Structure formats: structure tokens, C-alpha cells
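Engineer: all I have is the shape, not the residue letters:
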């Protein structure tokens with residue numbers, strides 16, 4: 001009887017790669033979108049790393065990931081990263097650092113196919129309270145460090161490799177990166193450190209798929225000649241076919257020579273999914289336009305699987321409000337330019353790019369350069385409108401914002417999307433401290449939108465300012481709470497209801513949530529003067545001061561931000577400066593980072609929902625109101641007309 005020959009590691013790697021693609025397609029159809037091109041391009045890279053290159057011990061983590069255990073901090077001694085899925089961190093074993101954290105679903109599927117995580121773990125993907133997040137965080141399965149807004153993980157890996165070498169450990173450190181990260185300055189700073197300290201115990205595999213959010217990299221911010229640049233920085237570089245498992249594994253088997261190892265794996269971002277070719281040049285994220293459109297039907301036909309998205313709520317909902325308004329507003333403003341940092345379609349700047357291509361610039365994953373570049377444009381008489389996620393406008397490029405824009409008081413408009421906990425992207429993508437930080441910058445004006453009417457009118461307010469303006473912007477499908485005939489006005493709160501028992505000040509998405517509670521609170525005999533705040537700096541509206549003085553029982557602030565430095569802090573400062581001696585209850589993130597989950601879940605977890613507001617009111621008035629979640633769910637919101645009077649011209 002002829003025996004079956006043993007399976008080679010190459011066969012196993014190819015099996016894993018094929019299964020990664022299959023699972024990624026299933027996931028994309030199920031979720032009506034996903035990072036499919038990343039699975040297409042990197043499947044063999046991850047499969048080869050796990051089946052051949054890396055020396056990993058058996059997983060020490062539970063096969064089904066445990067629920068998210070809250071963010072690290074002094075009160076969370078049980079906090080663990082997701083590194084346990086890659087085995088014990090002992091001297092003889094390798095360590096794996098994921099830098100390209102938007103490839104998280106590919107990493108998760110690799111763990112499943114190599115037996116390190118149960119398939120049921122993927123059912124937790126992007127669910128509230130789960131550690132299996134959409135953008136990998138350090139507590140996500142297979143991840144060990146927080147990579148930040150891309151580009152930070154390599155420096156951390158260098159530190160780990162240095163420590164391991166110093167201790168004489170045999171295990172190596174492996175890093176998985178995407179080519180777009182090499183537009184980031186810190187990556188090249190890390191290579192200087194790697195070469196200088198001769199960290200040849202560190203190896204880097206780069207998925208060179210030539211794609212980024214705004215299209216093909218050579219049309220956005222070209223990084224070629226890639227190999228020569230890396231070699232000039234002291235790296236040992238090999239260029240290979242990303243879909244050839246033997247070629248991928250070969251460089252890792254060479255003896256170290258004192259230089260960090262880099263494997264540039266040139267890949268096909270449509271590998272296995274020829275339908276993706278129709279999406280070129282925008283392949284970064286596949287999002288189906290409808291629940292049963294022709295494109296999705298063709299993908300569904302591959303797997304015979306259907307999925308319907310959830311329905312819409314009762315409010316009047318508008319979509320792509322900023323995208324449409326920006327094009328209309330900028331039509332006769334020829335000196336208005338729009339700059340993007342590789343997130344053009346994600347921040348509703350793509351319609352502007354299509355309509356006015358000569359007034360649009362994408363500067364790649366290089367926000368520090370973008371801010372200083374914008375400062376130069378403003379000095380020459382242009383008005384740059386910078387579009388990216390809010391966190392990327394101030395956290396990494398804070399020095400450039402301060403010195404290139406705020407110090408010379410230049411008219412640069414920073415349009416920041418996904419403020420606070422409106423994104424499931426986790427701490428690296430959540431701008432929960434932006435107001436507090438930016439309030440400290442001289443010359444800066446800070447605005448925030450709470451509904452479609454605010455979005456439609458904020459550009460006029462921003463353009464009226466002689467100096468820099470930061471806007472917390474909403475995107476996608478957003479409600480209309482306020483009458484379109486009553487636009488946002490600088491330093492003028494919207495007065496949504498009148499009453500003297502309590503004064504309630506809310507901003508951004510918290511206003512919609514507060515409106516769910518305010519109506520039923522009035523029915524229970526609590527009169528509330530409710531103000532919607534759209535100007536965080538300057539914070540000098542006389543209507544706000546009057547409302548603070550009139551509050552009989554006290555004041556409540558509610559904000560999508562930390563309690564440090566935001567709306568609650570500004571209100572407290574105004575009270576102290578004007579001798580207003582009243583009780584103040586502040587609702588917001590209480591000195592903590594958040595994690596990746598849906599907005600409703602996070603607002604409930606961090607006491608930013610309507611029920612938390614009810615409890616704050618009960619605290620101030622000193623009696624229970626017997627209002628539960630069922631009562632709040634029954635409240636229907638209609639458009640709100642502001643009671644604020646427009647000043648005569």
C-alpha cells in the first residue's frame with residue numbers, strides 16, 4: 001500500500017494563504033465591506049511568516065478571545081496584550097510586531113488557520129466589548145504594541161530588539177509593515193537607530209502592493225527607489241515576489257550580518273479576486289454601495305452568502321453632507337484648496353477632488369509635512385482646508401501646527417473627522433483630547449458640528465476667522481436636528497429649551513443623545529435650559545454665562561471628550577472667573593482612553609448616553625425620577641428650532 005507523502009511546509013503555507021483569502025472574502029460580504037485587497041496582497045507573507053520563518057511557541061491565549069478588559073492603567077492590573085497568541089515571550093522564541101494594524105483581519109484569519117485562535121473568534125470582530133477590533137490594538141489577538149496612527153511600531157520593535165540583544169536572547173523580532181508607512185518620517189528615524197545599533201536580530205517584511213487610500217502610491221507620494229533608499233539607511237534588503245513562499249522564506253534563513261533585514265515583498269492587491277481590478281485605482285477598502293447591488297451580488301455569488309445591513313432610525317437622515325456642501329461652497333472661491341492625507345474618500349473630500357482636481361492635493365501619509373505645507377500655501381494667499389481624521393491633525397503634528405500655522409496666525413482650516421468616540425478605530429484613531437490640547441494654542445479657533453445644519457454652515461463661520469480654525473466634523477449619515485434657516489454662528493450657542501431648574505450644555509454628538517432625555521425630564525417636572533455649544537474657543541458667549549447664573553439646582557456638561565480641557569473645563573473656568581457658585585456635574589471620558597467599539601456602546605460604557613444624563617440630573621435635584629432605558633427608547637426626536645435670536649444687521 002502506497003503511503004501519502006508528508007505535507008511540506010510550502011504546501012501548508014499555500015493552504016493557509018488560500019484560506020486567508022477565502023475567510024477575508026466571507027468577512028467582506030458579511031460586513032458589507034472590508035480590507036479585501038490587503039488579504040489579496042499579503043496572504044502568502046503572513047502564511048510564510050507563521051508556518052516557516054518565525055520560531056513561535058504554542059499559543060498561551062484562550063482559543064476564543066476574552067472580552068475586552070478595558071484600557072491599560074494603574075487600576076487594571078490584569079491587562080494583557082494579544083501577544084499570547086504568538087506564544088510565550090521567552091528568550092528562545094521569536095516576537096511578532098504588527099505595524100500595519102489595518103491588516104488586522106488578515107492577522108486574525110492567519111491565527112485561525114494556524115490553530116492559534118478558534119474560528120468562533122471572528123464572530124467577535126468589531127463587536128461591542130470585543131478585543132477583536134477592526135484596527136488592531138495591542139490587546140487584539142496577535143498584536144503586541146499599539147502602532148499609533150501608523151509608523152510607530154517599528155521604533156518600538158527596535159527597542160524590543162535592542163533589549164533582547166542586550167540580554168543575549170536567541171529569539172528574533174519580526175515586524176510586518178505596509179509600503180505606505182514609509183511615507184512617514186518616524187519610520188526612517190527608526191532605520192537610523194536599527195543600523196546604528198546593528199540590530200540584526202530584527203527582520204521586517206513589507207507588503208509592497210503600491211496602494212494607499214488615495215490611489216496608487218506613485219501618483220500620491222512615490223517612495224521608489226525603495227531598495228536603494230533602505231540600503232542607504234543601512235538595511236540589508238531583498239526584493240521578492242510576495243506570492244512565492246520559497247522566495248519569501250529564503251532571506252530569513254541567511255545568517256545575520258550586522259544589519260537589519262528587510263524583505264520587500266512586491267504583491268498583487270487583486271490576487272485571487274479579479275473583480276477588484278474594476279476598483280482600481282482605489283483598492284484600500286472595499287465598501288459595497290448597496291445591500292443587493294450588482295457588484296456585491298457578484299462577490300456573493302462566489303460564496304453563495306447574503307447579508308442585509310441594519311435599518312435607519314426615525315430622524316431625518318442626510319448623507320455626504322460635507323462632501324456636497326464643500327463643492328457648492330467652494331465653487332466661486334478659487335483660492336480655496338483642499339489637502340488630504342491619504343484618506344480622501346474617508347473624509348468626504350473625494351467629490352471635491354473630482355469636481356476641482358486642480359485645487360486638490362493628496363500629500364500621503366505625512367501629516368507633519370501636510371501641516372507645514374499648508375502654512376506655506378497660506379502665506380502665499382491661499383486658504384487650505386486640511387481633511388483627515390481629527391486625531392491625525394494634532395497628535396503627531398502638534399509642533400508643526402503650533403509653529404507653521406498658529407504662531408504666524410495663518411488662515412488654515414483643519415477639518416477633523418471622527419472626533420472622540422465616534423470611531424471604532426480604538427485609541428489610536430480616537431481624538432478624545434483634541435479640544436483640551438488645541439485650546440492651549442494661541443490664535444486657534446475651535447468649532448464643533450452636532451448635526452447636518454451645523455455641517456452645512458460651519459464653512460462660513462470658519463472662513464470668517466482671520467487665523468487658524470479647527471473643526472470637529474461629522475461624516476456619512478447624520479441627523480438634522482436644527483432648522484436649516486438657523487445656521488451656526490461664532491460664539492453663539494443654540495438655545496434648545498428654556499428653564500431655571502438646571503442648565504445643560506452639550507456639544508457635538510452628545511446633543512442628540514441629550515435631546516432624548518430632556519423631553520422626558522420636562523415631563524417629570526424638571527425645567528432645563530439646554531444650550532448646544534458649537535464654539536469651544538473663544539468661549540465667551542454671554543448667553544452661556546447668563547444660563548449658568550440662572551440654574552437653580554446646578555449645571556451639567558456633556559461632551560464627547562475627556563473631562564480634562566474640554567467643554568466642562570471651559571464652563572468651570574467661566575464660572576470661577578465670574579463668581580458663579582453653583583454645583584457642576586461634568587459628563588465625559590474620565591481620564592481614560594477608550595477602545596474600539598460602536599458609538600452607542602462606547603457612549604453607554606463611558607456614561608455619555610441619555611441614561612447617564614438622567615442620573616446626573618437626579619444627583620443635582622436630589623430625588624429619583626424613575627426613568628429607565630425603555631422610557632428613553634420611546635422618545636422620538638424631531639427637528640429642533642433654536643430659541644436664539646439672530647442679531648439685526
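Structural biologist: Okay, I see it. As the structure is a prediction and not an experimental result, all values here were calculated from the model.
Engineer: C-alpha only now, for contacts and for neighbours.
Structural biologist: Noted.
Engineer: could you measure from the nearest residue to residue 450 once chain neighbours are set aside over to residue 487?
Structural biologist: Distances taken as CA to CA, 6 or more residues apart in numbering place residue 508 nearest to residue 450, at 4.0 Å, with adjacent residues excluded. Computed as CA to CA, to the nearest Å, the residue 508 to residue 487 distance reads 15 Å.
Engineer: cool, residue 339 as well?
Structural biologist: 25 Å.
Engineer: mind checking which of those two has more residues around it?
Structural biologist: Higher neighbour count among residue 339 and residue 487: residue 339, with 26 against 19, using other CA atoms under 10 Å.
Engineer: helix or strand for the more buried one, which one?
Structural biologist: Assigned by DSSP states H and E, residue 339 falls within strand 336-340.
Engineer: elements contacting that strand?
Structural biologist: On a contact count with 3 or more CA pairs under 8 Å, 6 or more residues apart in numbering; DSSP states H and E, strand 336-340 meets strand 360-362, strand 383-389.
Engineer: I'd like the ones you listed as CSV, with mean pLDDT appended.
Structural biologist: Output for those, formatted as CSV (pLDDT from 0 to 100):
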stretch, mean pLDDT
strand 360-362, 97
strand 383-389, 98
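Engineer: what's the closest of these to residue 329?
Structural biologist: Nearest to residue 329 among the helices and strands packed on strand 336-340 is strand 383-389 (12.4 Å), distances taken as CA to CA.
Engineer: mean confidence score for the helix or strand following that closest one?
Structural biologist: Next helix or strand after strand 383-389 toward the C-terminus (DSSP H and E): helix 391-394. Averaged across helix 391-394, pLDDT comes to 97.
Engineer: contacts for helix 391-394?
Structural biologist: Helix 391-394 is contacted by residues 149, 367, 371, 401, 414, 416, 419, 428-431, 434, 438 when judged by CA atoms under 8 Å, 6 or more residues apart in numbering.
Engineer: same deal with stretch 184-204?
Structural biologist: Residues contacting stretch 184-204 (CA under 8 Å, 6+ apart): 151-152, 154-155, 157-158, 161-162, 165, 171-177, 181-182, 233-235, 252, 256-263, 365-366.
Engineer: can you pick out the ones from these that are in strands?
Structural biologist: Mapping the contacts of stretch 184-204 onto strands (DSSP state E) picks out 173-177, 261-263.
Engineer: secondary structure of residue 191: a helix, I assume?
Structural biologist: Yes: Residue 191 forms part of a helix when assessed by DSSP: H, G, I helix; E, B strand; the rest coil.
Engineer: what is the burial count for it?
Structural biologist: For residue 191, using other CA under 10 Å, the count is 22.
Engineer: go on, the one 5 residues further on?
Structural biologist: The number of residues packed around residue 196, counting by other CA under 10 Å, is 14.
Engineer: what's the answer for the one 10 residues further on, then?
Structural biologist: Using other CA under 10 Å as the criterion, residue 206 is surrounded by 26 other residues.
Engineer: just for this structure, where's the confidence low?
Structural biologist: 1-7, 290-293, 301-315, 634-649 (pLDDT under 70).
Engineer: show me the longest strand that occurs in it.
Structural biologist: The chain, longest strand under DSSP E: strand 554-562.
Engineer: which strands and helices lie in contact with it?
Structural biologist: Judged by 3+ CA pairs under 8 Å, 6+ apart, the packing partners of strand 554-562 are strand 502-507, helix 509-523, helix 567-577, strand 584-589, helix 610-621.
Engineer: let me have these in a markdown table, adding mean neighbour count and distance to residue 140 as columns.
Structural biologist: A markdown table is the format used below for these (neighbours: other CA atoms under 10 Å; distance: least, CA to CA, whole Å):
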| stretch | mean neighbour count | distance to residue 140 |
| --- | --- | --- |
| strand 502-507 | 26 | 32 |
| helix 509-523 | 20 | 28 |
| helix 567-577 | 18 | 32 |
| strand 584-589 | 22 | 22 |
| helix 610-621 | 20 | 29 |
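Engineer: what is the nearest of the ones in strands among the contacts of stretch 184-204 to residue 554?
Structural biologist: Minimum separation from residue 554 among the ones in strands among the contacts of stretch 184-204 (CA to CA) is found for residue 177, which lies at 52.0 Å.
Engineer: give the contact list for the closest one.
Structural biologist: Contacts of residue 177 (CA under 8 Å, 6+ apart): 98-100, 204-207.
Engineer: returning to what we had before: looking at the helices and strands packed on strand 554-562, which is closest to residue 34?
Structural biologist: Closest to residue 34 of the helices and strands packed on strand 554-562 is helix 509-523 (CA to CA; 25.8 Å).
Engineer: any idea which helix or strand comes after that closest one?
Structural biologist: Immediately after helix 509-523, counting by DSSP H and E, sits strand 528-533.
Engineer: contacts for that following strand next, please.
Structural biologist: Contacts for strand 528-533 (CA under 8 Å, 6+ apart): 448, 492-508, 511, 518, 522, 544, 547.
Engineer: tell me what angle that strand forms with strand 554-562.
Structural biologist: Angle of strand 528-533 versus strand 554-562, following axes from the mean of the first three to the mean of the last three CA atoms, to 10 degrees, is 30 degrees.
Engineer: give the partner strands of strand 528-533 in its sheet and their orientations.
Structural biologist: Strand 528-533 pairs in its sheet with strand 494-497 (antiparallel), strand 502-507 (parallel), by DSSP bridges.
Engineer: that older thread, make TSV from the ones in strands among the contacts of stretch 184-204 and add distance to residue 50 to it.
Structural biologist: Below are the ones in strands among the contacts of stretch 184-204 laid out as TSV (distance: CA to CA, whole Å):
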residue	distance to residue 50
173	13
174	11
175	12
176	12
177	15
261	17
262	17
263	15
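Engineer: neighbouring strands - and their directions - for the strand holding residue 339?
Structural biologist: Strand pairing (DSSP bridges) places strand 336-340 next to strand 360-362 (parallel), strand 383-389 (parallel).
Engineer: can you list contacts of the last one?
Structural biologist: With contacts defined as CA under 8 Å, 6+ apart, strand 383-389 is touched by 335-344, 346-347, 349, 371, 374, 377-378, 411-419, 429.
Engineer: before we move on, what about the shortest one?
Structural biologist: In this structure, residues lying in contact with strand 360-362 by CA under 8 Å, 6+ apart are 214, 220, 337-342, 344, 352-353.
Engineer: how about a cut-off of 7 Å?
Structural biologist: With contact meaning CA atoms under 7 Å, 6 or more residues apart in numbering, strand 360-362 is reached by 220, 337-342, 353.
Engineer: and the two most separated of these?
Structural biologist: 220 and 337, at 16.4 Å, using CA to CA across the contacts of strand 360-362.
Engineer: between those two, tell me which one has more neighbours.
Structural biologist: Neighbour count, other CA under 10 Å: between residue 220 and residue 337, residue 337 has more, with 23 against 19.
Engineer: need the contact list for the more buried one.
Structural biologist: 359-360, 382-385.
Engineer: neighbour count and distance to residue 9 added to the residues you listed, as CSV?
Structural biologist: Converted to CSV, the contacts of residue 337 look like this (neighbours: other CA atoms under 10 Å; distance: CA to CA, whole Å):
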residue, neighbour count, distance to residue 9
359, 16, 52
360, 21, 48
382, 19, 58
383, 23, 57
384, 26, 53
385, 22, 52
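Engineer: now distance to residue 406 too, for these, in JSON lines please.
Structural biologist: JSON lines is the format used below for these (distance: CA to CA, whole Å):
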{"residue": "359", "distance to residue 406": "23"}
{"residue": "360", "distance to residue 406": "23"}
{"residue": "382", "distance to residue 406": "16"}
{"residue": "383", "distance to residue 406": "14"}
{"residue": "384", "distance to residue 406": "14"}
{"residue": "385", "distance to residue 406": "15"}
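Engineer: from those residues, pick the one nearest residue 8.
Structural biologist: The closest of the contacts of residue 337, once distances to residue 8 are taken by CA to CA, is residue 360, at 51.3 Å.
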